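Q: Pasting the sequence and the predicted model now:
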Amino acid sequence: MMVAARELTVQGEMRFDEPMSRHTSWRVGGPADVFFVPASIDDLAAFLSNLDADCPIFWHGVGSNLLVRDAGIRGVVVSATKILRDLERVDDQLVRAGAGLPCTQLARQCIRWDLGPSEFFAGIPGTVGGALAMNAGAHGGETWERVAVVRTIDRAGAVHERLPADYNVAYRSVRGPANEWFLEATFQFDPDVTPSMETMKSMLERRKTTQPLGLPSCGSVFRNPPDDHSARLIEAAELKGFRIGGAEVSEKHANFIINRDNASAADIEELIEHVQQTVLDLHGVRLLHEVRMVGEVTP
Ligand SMILES: Cc1cc2nc3c(=O)[nH]c(=O)nc-3n(C[C@H](O)[C@H](O)[C@H](O)COP(=O)(O)OP(=O)(O)OC[C@H]3O[C@@H](n4cnc5c(N)ncnc54)[C@H](O)[C@@H]3O)c2cc1C
């Protein structure tokens, strides 16, 4: 029998009206009706299969690419990062990683295993699942260049094996079967490429000098347009330091918006729209969001 999320019996934890500001790197976002932390994959599958068919489901990684609006998320947010942390070397090229594993951990272990190129994963401060959903990339590497196969779960709790050919993958964009979420990926590395801890460390050092890493942000707000950089266009529009409410275009990296002083999601969204409009008026280029915006606007 299908029942409302709040009435389901689970082994994991179900939190009601959970502030999403606790689960986003921007530190903003209103409450999720239900925030579900499953105890196991079986618990997750049972929960999904018993849930009302019309209950919206939103999958959460660690919220490093999410703007959750101030009135929060209706329906269920699934946070399965704790139970999807496996990391296993399958053979001399393949590594199986759970969707909840931090990308930095994947990078470090692959370097220890001498499997490259894997250093770029250290530049992505999210989970493997988030990187799969975003085709996250850094320092010239992209997640889906390395995917051999993924495992997913659907709304009925059924698990599927999917190949890259089942997805339409582009720069920071992944389209695949609807209503399926990633449980794990098997990545294929190149036995002829030796990764280096030093290279990874110098990539991270470079980030410290070019990005406002101590302050709440979501990394790059906009995708880069073809043959150009959003940061260059925003800087040329003299928007560095521009503020709306508590949200500010970073002085250090123009494609970052920081939560400078108790910003609301509405402040950040308004600033995003202002940057977009100013760059369009000045350069004739429409910047597209890299960050995902979810949830309801306060009435
Ligand atoms: C300081 C900083 C620097 C950053 N630098 C980079 C960078 O260099 N390159 C880059 O690409 N990104 C960068 N980002 C953005 C972000 O880290 C990536 O987009 C990351 O992949 C998001 O992962 P997450 O686990 O936080 O996902 P979330 O932000 O929680 O979710 C992002 C999207 O993925 C979906 N999702 C998450 N898990 C799953 C799953 N298991 N199955 C299906 N869908 C799922 C969510 O529904 C959502 O649509 C940066 C962010 C910050 C804060």
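A: Yep, that arrived.

Q: Do I have it right that residue 45 meets residue 153?
A: Yes - between residue 45 and residue 153 there is a contact at 6.6 Å, judged by C-beta atoms under 8 Å. (Glycine included, C-beta is placed from N, CA and C.)

Q: Neighbour count: these two, which is higher?
A: The residue with more neighbours, out of residue 45 and residue 153, is residue 153; 23 against 17, by other C-beta atoms under 10 Å.

Q: The ligand versus the more buried one, what's the distance?
A: Distance, residue 153 to the ligand, by C-beta to the nearest ligand atom, to the nearest Å: 9 Å.

Q: Would you mind listing what in the stretch 51-200 of the chain touches the ligand?
A: Selection of the stretch 51-200 of the chain residues close to the ligand by C-beta under 6 Å from any ligand atom yields 58-66, 99, 123-127, 129-131, 133-134, 136-138, 181-182.

Q: burial of residue 244, as a residue count?
A: Residue 244 sits with 20 neighbouring residues when counted by other C-beta under 10 Å.

Q: Next, it: phi, psi?
A: Phi and psi for residue 244, reported as degrees, to the nearest 10, are phi -130, psi 120.

Q: Which residue is the nearest non-sequential neighbour of it?
A: residue 271 (4.4 Å; C-beta to C-beta, 6 or more residues apart in numbering).

Q: Would you agree that neighbour falls within a helix?
A: Yes - assessed by DSSP: H, G, I helix; E, B strand; the rest coil, residue 271 belongs to a helix.

Q: Any regions of the stretch 151-299 of the chain where pLDDT drops low?
A: Within the stretch 151-299 of the chain, the ranges that satisfy pLDDT under 70 run 299.

Q: quick one: the helices in it?
A: Secondary structure of the stretch 151-299 of the chain, counting by DSSP state H, counting those that start in this stretch: helices at 197-210, 230-236, 265-283.

Q: What is the shortest one packed up against?
A: The criterion is 3 or more C-beta pairs under 8 Å, 6 or more residues apart in numbering; DSSP states H and E, and the helices and strands that helix 230-236 contacts are helix 265-283.

Q: and the helix it packs on, anywhere near the ligand?
A: No - on the criterion C-beta under 6 Å from any ligand atom, helix 265-283 is out of touch with the ligand, staying 13.0 Å away.

Q: Not counting that helix itself, show me its contacts.
A: Under the contact criterion C-beta atoms under 8 Å, 6 or more residues apart in numbering, helix 265-283 has outside partners 26, 28-30, 67-70, 221-222, 230, 233-234, 236-237, 239, 242-249, 257, 259, 285-287, 289, 291, 293, 295, 297-298.

Q: picking up where we left off before, now the helices of the stretch 151-299 of the chain as JSON lines including mean neighbour count and distance to residue 159?
A: Shown next, in JSON lines, are the helices of the stretch 151-299 of the chain (neighbours: other C-beta atoms under 10 Å; distance: least, C-beta to C-beta, whole Å):
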{"stretch": "helix 197-210", "mean neighbour count": "14", "distance to residue 159": "33"}
{"stretch": "helix 230-236", "mean neighbour count": "19", "distance to residue 159": "38"}
{"stretch": "helix 265-283", "mean neighbour count": "18", "distance to residue 159": "34"}
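
Q: In helices, which of the residues of the stretch 51-200 of the chain next to the ligand fall?
A: Judged by DSSP state H, those include 129-131, 133-134 as members of helices.

Q: Which of those residues ranks first by neighbour count?
A: When neighbours are taken as other C-beta under 10 Å, the top entry among these is residue 131 (30 neighbours).

Q: Setting the sequence-adjacent residues aside, check what's closest to it.
A: The shortest distance from residue 131 to any non-neighbouring residue, by C-beta to C-beta, 6+ apart, is to residue 143 (4.4 Å).

Q: Tell me which residues touch residue 258, please.
A: Listed by C-beta under 8 Å, 6+ apart, the contact partners of residue 258 are 212, 215-217, 247-248, 250.

Q: What backbone torsions are found at the residue in the stretch 151-299 of the chain positioned nearest to the ligand?
A: The ligand sits closest to residue 219 of the stretch 151-299 of the chain, with a gap of 2.4 Å, by C-beta to the nearest ligand atom. Here is the backbone geometry of residue 219 (degrees, to the nearest 10): phi 70, psi -150.
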